[in-house]
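Chemist: Sharing a sequence plus its predicted fold:
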Amino acid sequence: MEKDVFSGQFTQAEPLPDAAIAAALRVMQSGQLHRYTAAPGALSDVAALEGEFATYIGARHALAVASGGYALATALRALGVGPGDRVLTNAFTLAPVPGAIAGLGAVPVFVGVTERLVIDLDDLAAKAGAARVLLLSHMRGHIADMDQLMRIADATGLIVIEDCAHTMGARWNGVMSGRHGRIAAYSTQTYKHLNSGEGGLLITDDAALAAKMIVLSGSYMLYDRHGAAPGAAAFEALKYDTPNLSGRMDNLRAAVLRPQLAALDAQCARWNALYRALEAGLAGVAGLTLIARPEAEAYVMSSFQFLLLDWDAAAVADVVARAKARGVELKWFGAPDPAGFTSRYNHWHYAPAAPMPATDRVLAGLLDMRLPLSFSREDCGTIARIIREEVAAAALA
Ligand SMILES: Cc1ncc(COP(=O)(O)O)c(C=O)c1O
């Protein structure tokens, strides 16, 4: 019998909401795309977004910038990370994370991943003395035990930057993701929870760090035109010593983000419904391990992961090929070469690392897929069925 093929597009984002399109038109018709073109005293869309985002997360200060990667580099710079400094980060993350560290001439030191797809806290405790800063990636929306992680950080003097590219709106034990560390960075690139094509956001409660990041982002001396900035005094101490590394957000992006932010929680509930439909469809499949989600973790999933732990590399590659032939795009963190957005710590040769066998075991069996909101729950049922069938077939082959 001919096997069915899933015809949905894993790369297909939803259209922007009408309110975002109307806001974009308003900005384009005004011609005032640069954030500092607003008349003195008037609030630009970027400044308004900063205020709304700070309120949403519950942070004192927020800054909108050009991308998530730029936000990470700015956070590191603001903390004084420079050439030769060692910075702890996840072995399982996306390339822009170690890239932000290496871009400053600093040295990524990788911390392992557990079967729950979070940073290995024993490995973190063992390596904590090796660096002053941890750039912690909540990769693919999986959140480590943040209470325990912060105990380790506090006991060892580690400063934590949270990479919340995949956890905007998520919580650990009731606390918003991004509120544990000194600074948190978010991305509004198309595959994230808010979509402006490119874009990033930073939050902190620390006035000196906020002021520094604002000047670094290219504020010139217009830092009084921000939506969630500290007072002028915070800038006095650093305005002569902080370089302008232009990476501002523009009003067009901010205008399309503001209505999306207002709808973020509702969108995340839709994403989670898709995630749970897939999770239910893949429960009990022999050889396939679902990722445990502790009760303390209120996740906001926009992708789905599962493990084929201790499978042969050839058999995992077979599952990927079989699923692809039926329209289901799985990305494999164990593939020999980096492909598309998917790579892992030992692909980043600019940051050599000693082998990490426990991490290699997890990554060797880790499959990942996007969950665009353009999919329905029925689509998730179809995808789960195809994966079930092809995992079973590959196991027998
Ligand atoms: C985990 C993670 N951190 C940071 C980033 C960087 O975000 P951007 O693409 O906006 O630079 C990404 C982007 O995909 C990411 O997945």
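Modeler: Yes, it's here.
Chemist: Buried residues, whichever strand or helix holds residue 210. List them.
Modeler: Assigned by DSSP states H and E, residue 210 falls within helix 207-216. By neighbour count with 16 or more other C-beta atoms under 10 Å, helix 207-216 contains the buried residues 207, 209-216. Bear in mind the C-beta positions are built from the backbone N, C-alpha and C, glycine included.
Chemist: What ranges in the stretch 101-250 of the chain fall below the confidence cut-off?
Modeler: Within the stretch 101-250 of the chain, not a single segment meets pLDDT under 70.
Chemist: Strands of that one, start to end?
Modeler: 107-111, 133-137, 159-163, 171-172, 175-176, 183-187, 200-204 (DSSP state E, counting those that start in this stretch).
Chemist: The fifth one pairs with which strands, and in what direction?
Modeler: For strand 175-176, the paired strands and their directions (DSSP bridges) are strand 171-172 (antiparallel).
Chemist: The partner strand: how far from the chain's middle?
Modeler: Relative to its parent chain, strand 171-172 has a centroid offset of 15 Å by C-alpha atoms, centre = their mean, to the nearest Å.
Chemist: what do you get for stretch 317-332?
Modeler: On C-alpha atoms, centre = their mean, the centre of stretch 317-332 falls 24 Å from the chain's centre.
Chemist: same check, this time on stretch 341-348
Modeler: Taking C-alpha atoms, centre = their mean, the mean C-alpha location of stretch 341-348 is offset from the chain mean by 16 Å.
Chemist: check whether it contacts the ligand.
Modeler: No. Judged by C-beta under 6 Å from any ligand atom, stretch 341-348 stays clear of the ligand, getting no closer than 6.5 Å.
Chemist: Residue of the stretch 51-200 of the chain closest to the ligand, please.
Modeler: residue 68 (2.5 Å; C-beta to the nearest ligand atom).
Chemist: how many neighbours does that residue have?
Modeler: Close neighbours of residue 68, defined as other C-beta atoms under 10 Å, add up to 27.
Chemist: Ok, residue 357 next?
Modeler: Using other C-beta under 10 Å, residue 357 is surrounded by 7 other residues.
Chemist: again with the one 10 residues further on
Modeler: Burial of residue 367, expressed as a neighbour count using other C-beta under 10 Å, amounts to 21.
Chemist: Checking it next. Helix, strand or coil?
Modeler: Classification of residue 367 using DSSP: H, G, I helix; E, B strand; the rest coil returns strand.
Chemist: now it: how far from residue 390?
Modeler: 11 Å (C-beta to C-beta, to the nearest Å).
Chemist: and for the two, which residues touch both?
Modeler: Shared contacts of residue 367 and residue 390 (C-beta atoms under 8 Å, 6 or more residues apart in numbering): residue 319.
Chemist: and residue 1, what pLDDT?
Modeler: Looking at residue 1, its pLDDT reads 67.
Chemist: re the thing from before, so which of the strands of the stretch 101-250 of the chain comes closest to residue 92?
Modeler: Across those, residue 92 has its closest neighbour in strand 133-137 (7.9 Å, C-beta to C-beta).
Chemist: For stretch 41-51, what does the pLDDT average out to?
Modeler: Average pLDDT, stretch 41-51: 95.
Chemist: Extract the CA atoms of it and return them as CSV.
Modeler: The C-alpha trace of stretch 41-51 is given here as CSV (Å, rounded to 0.1, in the frame of the first residue of the first chain):
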residue,chain,number,x,y,z
GLY,A,41,9.0,64.0,24.0
ALA,A,42,7.1,61.7,21.6
LEU,A,43,7.4,58.0,22.1
SER,A,44,8.8,56.0,19.2
ASP,A,45,7.4,52.5,18.5
VAL,A,46,10.8,51.1,19.6
ALA,A,47,10.6,53.0,22.9
ALA,A,48,7.0,51.9,23.4
LEU,A,49,7.9,48.3,22.7
GLU,A,50,10.7,48.5,25.3
GLY,A,51,8.3,49.7,27.9
